[in-house]
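1. with the sequence up front, the predicted model follows.
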Amino acid sequence: MRLRPDLRANRDEVRVEYLAAVGSATDTAPSWSRIWTVATVGSMKIDGGASGSWTDTAAGAKRAEAAGYDGVWIPETNHDPFLLSQMAIQGTEKVLVGTSIAVAFARNPMITAVVANDLQALSGGRFVLGLGSQIKPHIEKRFSMPWSNPAPRMREFILAMRHIWSCWNEGTKLEFRGDFYTHTLMSPFFNPGPNPHGAPKVFLAGVGELMTEAAGETCDGFLAHGFTTDRYLREVTIPALDRGLAKAGRSRSDFEISLPLFVTTGRDEAEMAAAKAGTKAQIAFYGSTPAYRTVLELHGWGELQTELNGLSKQGKWVEMGQALDDEVLEAFSVVAEPAKVAATITARCGDAVDRISFYAPYQTAPGLWDEILGDLKATA
């Protein structure tokens, strides 16, 4: 790995600062050498995102490609992620386009396999099917779909899709019978035949160990949640992925970890204050969710989740962000002036993940992220 002289010096300075903040090889702060170090800064991909709107998805994806991003992730919020993915694919030529995430349990394996197969063909092999479970209230009350045993159900969902794609691409008989899904009928009229680009890659989002382990066993990659600390990534997420990979007889070289990393930055005190407030508010929103309590408990902050959940039920959104101190902020987010962001990211997770994207829930000056992207690319 080669760095520009200015970035090399900057990186070393930040690395010392970061290690001083998190500690070294202790029981509570893992060392840099004994934790999984397969990914390197030189191979780390930097992804962008599209706006998630009909009017700007294609243009936004095209801008991201022109700026030098390696991929574009499409969310499922208030529009269909697969239609937006089609727009992003048609607006670009070479970047990866993926869903982050499409809600698996709002669909079934067959209908998901069909649309993912079509997008894989349309993109020339650039599509990634990123799936997530959502949470029980949304599945039952918003989508009117069944919820049970989310990790085993998701594992079976993905295995069923792989059986379907094998039927189309290799001509195997469709004979999938599981506890949650059954697919045993595929007449020629409904068979699209082999995809010239093969089956799409599948990434799975998760926080808990069981879902994360299922990702390692059945998927091509893992979509880490933004509500992930460096310690949780190294002490919980990566070991769970490792167990899943071992079950499938696969190695880390067959797999990618993608992390939407909170980045808190600003060019002056006012911008930095606004960035801190915005990031704390988003972290607090996630922290109020009972399903994510385990992340806080790892740091001894379990009672913070109880407090945030109570504030959320009272609609006290501003107070939720104010309940977080800078120690919590810095556990979840890179916090640095723009010139040091790239080096801080490198020191924090350059050895642990394969792809990152910037998670910045606040307004920034035009061109800021392109500058930081350039600094990160210069570290390759």
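-> Great, that's in hand.
2. please count neighbours and contacts with C-alpha atoms only from this point.
-> Will do.
3. centre of the chain versus the host helix or strand of residue 357, how much separation?
-> In this assignment (DSSP states H and E), residue 357 forms part of strand 355-359. Between the mean C-alpha location of strand 355-359 and the chain-wide mean there is a distance of 8 Å, by Cα atoms, centre = their mean, to the nearest Å.
4. also stretch 355-368?
-> Between the mean C-alpha location of stretch 355-368 and the chain-wide mean there is a distance of 15 Å, by Cα atoms, centre = their mean.
5. that one: which residues count as buried?
-> Buried residues in stretch 355-368, defined by neighbour count with 16 or more other Cα atoms under 10 Å: 355, 356, 357, 358, 359, 360, 361, 362, 364.
6. who touches stretch 257-274?
-> The set of residues external to stretch 257-274 that reach it, using Cα atoms under 8 Å, 6 or more residues apart in numbering, is 221-226, 275-276, 279, 332-338, 341, 353-360, 362, 364.
7. now do the end-to-end distance for it.
-> Taking Cα to Cα, to the nearest Å, the first and last residues of stretch 257-274 lie 30 Å apart.
8. check stretch 133-152 too.
-> End-to-end span of stretch 133-152 (Cα to Cα): 11 Å.
9. pLDDT of it, averaged?
-> Per-residue pLDDT values across stretch 133-152 average out to 96.
10. what residues does that stretch touch?
-> For stretch 133-152, the external contacting residues (Cα under 8 Å, 6+ apart) are 103, 104, 105, 106, 154, 205, 210, 211, 214.
11. before we move on, back to that, so what's the gap between the next helix or strand after the strand holding residue 357 and the chain middle?
-> Once the chain leaves strand 355-359, the next helix or strand it forms, by DSSP H and E, is helix 368-377. The chain centroid and the centroid of helix 368-377 are separated by 20 Å under Cα atoms, centre = their mean.
12. give me the neighbour count for residue 143.
-> For residue 143, the count of nearby residues is 13 (other Cα atoms under 10 Å).
13. ignore what I typed, I meant residue 107.
-> Neighbouring residues of residue 107 were enumerated by other Cα under 10 Å; the total is 13.
14. can you check residue 208 too?
-> Close neighbours of residue 208, defined as other Cα under 10 Å, add up to 17.
15. any stretches of the stretch 251-380 of the chain with poor pLDDT?
-> 380 (pLDDT under 70).
16. can you show me the helices along it?
-> According to DSSP state H, counting those that start in this stretch, the stretch 251-380 of the chain carries its helices in the segments 269-287, 293-298, 302-313, 317-322, 326-332, 338-349, 368-377.
17. can I get these in CSV with distance to residue 241?
-> Conversion of these to CSV gives the following (distance: least, Cα to Cα, whole Å):
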stretch, distance to residue 241
helix 269-287, 22
helix 293-298, 16
helix 302-313, 24
helix 317-322, 31
helix 326-332, 20
helix 338-349, 16
helix 368-377, 26
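18. so which of the ones you listed gets nearest residue 130?
-> helix 269-287 (19.9 Å; Cα to Cα).
19. stretch 355-368: end-to-end distance?
-> 19 Å.
20. give me the contact list for that stretch.
-> Contacts for stretch 355-368 (Cα under 8 Å, 6+ apart): 44-49, 226, 256-264, 266, 271, 274-275, 278-279, 282, 338.
21. what do you get for stretch 111-130?
-> 82, 85-86, 89-90, 94-102, 104, 161, 164-165, 195-205, 223.
22. also stretch 166-179?
-> Identification of contacts with stretch 166-179 by Cα under 8 Å, 6+ apart yields 156, 160, 163-164, 182-186, 191-195, 198-199.
23. perfect, I'm done here.
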